[in-house]
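Trainee: sequence and predicted model, in that order:
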Amino acid sequence: ENGINVVLDQWDLGLGDDLAIFMEKGLRESKRVLVICTDEYNRKADAGVGGVGYEKMIVTADLLKDISTNKFIPVIRGVIGKDKTPICLSTRNYIDLADFTEGDLKPGNVKIDELLRELHNIPKEIKPPVGKNPFTILPLGNESKPIDVRIDIQGKQKTTEEIHSLATDLARAADLLGWRQLVKEVKKPVVNGLIDWRNKYEAKPPANIQELHDAVDEAVQIISGLIVIALAGVESGRKEFTDQRSLFDLFFDIVGWNYAGRTNLIHLPRALGYVYHSLHGAMCLDTGQHDVALKLVTMNIQDRLHSYTSPLWREHTLMGWTDALGQECSRAWNFLINAAQRWKWLLPIFGSEFGYRVAVIAYYASLNVSELADYLTKQPSKTLTERTEVHPNIPLCFLHENSDEIRKAMQLIISHGDKASILWKSQGITKEAMLKAWPQWQKICGQWLWQVYQNPSLGLRSLPNADLIQSIGS
């Protein structure tokens, strides 16, 4: 009755059903498991007695597989002894309902509200975004000494990390002239490097998907200096450094690029555009600049291969369906989400591999919300139903990731308060209209997951971003 789908033996276990299979399936497929701890339950679990002992064995196996999981929530009821939980859950944070009667356990009760918020991924206390460092942004008068933007000094080329540090200093100092000079310096070898890349792989094409991904990795390293300059600009939060259209065009429309030849090589600019807008969007979400992310992803681009213009997010090849990464969006997603393992220069920018993955997930979850708003704009008189022919253009592969990463990504989106509401307000759609269409949109997204991963259970389960709109601005 509070928006949570509950699996309970009283409702879901029929006469003749296999008890062991019911327990295994319930524990395996549920997103969260409430373990009701009483003295009797704790005793049986620790002793390994009966069904409780079997249940404890499954729980212990899950914990050993992923010790950082928060899947199991101990709920304390009727415990008199000093041990509140079974030994296997003794290190887990629990919720204590021991002092409440059955009549007290309803919404409005502070403990029940705490539990409901946890299950809906809506934190009571939202961690505020990190503010600007007051000691690093220099006044426009530029009392600091000039910054040397040369990237090749006495024959020694600067590393990607050094270029990022230099770009960060320029953005903090509001030195737009120095910034543009740095872009010019870094850009010099990029185009020739990409043409050389093309010639190399035309002579010896990638033989399989892994070799293809390795080749694209090599191309990303060629443009990495420009990518980190762009990310430093976004991170600064200064408007004059966040307009990234010209940098995107540099990757997407490479000067002198030959559009004849092997398809997976021709489409390299699509793969680079996909990587660039994804990293740009991830940094925007990490710093609470949803508007900057939308500005880039909604800009119109000219398709050189098919001679038409469309918003970036509507171009399938820029969303992951590109021959340069193996055509399937799930392959492109895996290439992107695991990038911090290969592109070590991402780690100091996002803080850690986990921080990078969370920011990318948050970006694509935001695009999913924005896509619904776009549909409502184009079809204002239509209501989403089971029969509505809508196929999401934004890939939903992020919903297949670790639950902790998804939860943190949702918290990241809503941690910036009402800023995220621009996802629909910018298109003239109200929050009420979004909430009305959201449940059916979730079903449509579930069907997309089913089709992409060929796994029926993915199409039926509740999606982890189900409460996102309700949470934004609350």
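Mentor: Yes, it's here.
Trainee: next structured bit after the helix or strand harbouring residue 269?
Mentor: In this assignment (DSSP states H and E), residue 269 forms part of helix 268-286. On the C-terminal side of helix 268-286, the nearest following helix or strand under DSSP H and E is helix 290-297.
Trainee: and that next one, how far out from the chain middle?
Mentor: When distances are taken as CA atoms, centre = their mean, to the nearest Å, helix 290-297 is centred 15 Å away from the chain's centroid.
Trainee: now that helix: buried residues?
Mentor: 290, 292-297 (16 or more other CB atoms under 10 Å). (C-beta placed from N, C-alpha, C; glycine too.)
Trainee: quick one, that helix and helix 268-286 angle?
Mentor: 170 degrees (axes from the mean of the first three to the mean of the last three CA atoms, to 10 degrees).
Trainee: so that it lines up with my notes, have the first residue be 433 from now on.
Mentor: Right, with 433 as the first residue, what we last looked at is helix 722-729.
Trainee: show me the strands in the stretch 633-782 of the chain, by range?
Mentor: Assigned by DSSP state E, counting those that start in this stretch, the stretch 633-782 of the chain shows strands spanning 732-735, 740-743.
Trainee: give me the sheet partners of the first one and which way each runs.
Mentor: Strand 732-735 has the following strand partners under DSSP bridges: strand 740-743 (antiparallel).
Trainee: where does the protein have its least confident helix or strand?
Mentor: Every helix and strand of the chain was ranked by mean pLDDT, DSSP states H and E. The lowest is strand 584-585, at a mean of 46.
Trainee: in its sheet, which strands sit next to the helix or strand where residue 468 lies, and in what direction?
Mentor: Taking DSSP H and E as the definition, residue 468 sits inside strand 465-469. Taking DSSP bridges as the criterion, strand 465-469 forms sheet pairs with strand 504-508 (parallel).
Trainee: give me the spatial nearest neighbour of the residue most central in space within the chain, chain neighbours excluded.
Mentor: For the chain, the residue nearest the mean C-alpha position is residue 793 (0.3 Å; CA atoms, centre = their mean). Setting aside the residues directly before and after it, residue 793 is nearest to residue 841 in space (CB to CB, 6 or more residues apart in numbering), at 3.9 Å.
Trainee: I figured that neighbour hits residue 798, correct?
Mentor: No - under the criterion of CB atoms under 8 Å, residue 841 is not in contact with residue 798, lying 9.3 Å apart.
Trainee: joint contacts of those two?
Mentor: By CB atoms under 8 Å, 6 or more residues apart in numbering, residue 841 and residue 798 have no common neighbours.
Trainee: avg pLDDT for stretch 647-659?
Mentor: Taken as a whole, stretch 647-659 carries a mean pLDDT of 92.
Trainee: low-confidence stretches in the protein?
Mentor: 556-588, 735-740, 812-822, 849, 884-899, 905-906 (pLDDT under 70).
Trainee: how is it divided into domains?
Mentor: According to automatic domain parsing, the chain comprises the domains 441-551, 584-903.
Trainee: buried set for stretch 865-883?
Mentor: Going by 16+ other CB under 10 Å, stretch 865-883 has these buried residues: 865-866, 869-870, 872-881.
Trainee: again but with stretch 656-672, I slipped
Mentor: Those buried within stretch 656-672 under the rule 16+ other CB under 10 Å are 656-668.
Trainee: as TSV, the residues you listed with distance to residue 695 would be great.
Mentor: Below are the buried residues of stretch 656-672 laid out as TSV (distance: CB to CB, whole Å):
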residue	distance to residue 695
656	25
657	28
658	25
659	25
660	30
661	30
662	28
663	30
664	34
665	33
666	32
667	36
668	38
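Trainee: widest-spaced pair of those residues?
Mentor: 656 and 668 (18.8 Å; CB to CB).
Trainee: returning to that earlier point: how many neighbours does the residue nearest to residue 793 have?
Mentor: 26 (other CB atoms under 10 Å).
Trainee: enumerate every residue touching it.
Mentor: Taking CB under 8 Å, 6+ apart, one finds 790-791, 793-794, 797, 830 in contact with residue 841.
Trainee: helices along the stretch 533-682 of the chain, start to end?
Mentor: 542-551, 592-604, 608-635, 641-668, 677-684 (DSSP state H, counting those that start in this stretch).
Trainee: ok, which of the ones you listed comes nearest residue 694?
Mentor: Among the helices of the stretch 533-682 of the chain, if distance is taken as CB to CB, the winner is helix 608-635, at 6.9 Å.
Trainee: buried stuff in the closest one?
Mentor: Here helix 608-635 shows 610-611, 614-615, 617-619, 622-623, 626, 629-630, 633 as buried, counting by 16+ other CB under 10 Å.
Trainee: so what's the gap between the strand holding residue 468 and the chain middle?
Mentor: 29 Å.
Trainee: what's the helix or strand following it packed up against?
Mentor: Where DSSP H and E defines the elements, the next helix or strand beyond strand 465-469 is helix 471-479. Under the contact criterion of 3 or more CB pairs under 8 Å, 6 or more residues apart in numbering; DSSP states H and E, helix 471-479 touches helix 482-497.
Trainee: show me how far the helix it packs on is from its chain's centre.
Mentor: That offset, for helix 482-497, works out to 31 Å (CA atoms, centre = their mean).
Trainee: may I have it as CSV, with CA atoms only?
Mentor: What follows is helix 482-497, C-alpha atoms only, in CSV (Å, rounded to 0.1, in the frame of the first residue of the first chain):
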residue,chain,number,x,y,z
GLY,A,482,15.1,-25.9,9.9
GLY,A,483,14.0,-23.4,7.3
VAL,A,484,15.5,-20.5,9.2
GLY,A,485,18.9,-22.3,9.1
TYR,A,486,18.5,-22.9,5.3
GLU,A,487,17.6,-19.2,4.8
LYS,A,488,20.7,-18.2,6.8
MET,A,489,22.9,-20.3,4.6
ILE,A,490,21.6,-18.5,1.5
VAL,A,491,22.0,-15.1,3.1
THR,A,492,25.6,-15.9,4.2
ALA,A,493,26.5,-17.0,0.7
ASP,A,494,25.2,-13.7,-0.7
LEU,A,495,27.2,-11.8,1.9
LEU,A,496,30.4,-13.7,1.1
LYS,A,497,29.9,-13.0,-2.6
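Trainee: other residues contacting it?
Mentor: By CB under 8 Å, 6+ apart, helix 482-497 touches 451-452, 455-456, 459-460, 465, 467, 473, 476-480, 501, 503-504, 518, 520-521.
Trainee: related to what we said a few turns ago, so which of the domains of the chain is the most surrounded?
Mentor: Of all these, domain 584-903 carries the top mean neighbour count, a mean of 18, counting by mean count of other CB atoms under 10 Å.
Trainee: next up, phi/psi of residue 527, please.
Mentor: Dihedral angles of residue 527 (phi, psi; degrees, to the nearest 10) stand at phi -120, psi 130.
Trainee: who touches it in this structure?
Mentor: Counting by CB under 8 Å, 6+ apart, the residues that residue 527 touches are 505-508, 543, 546-547.
Trainee: for residue 466, same thing?
Mentor: So residue 466 contacts 505, 507 (CB under 8 Å, 6+ apart).
Trainee: with adjacent residues omitted, what lies nearest to residue 777?
Mentor: residue 592 (4.3 Å).
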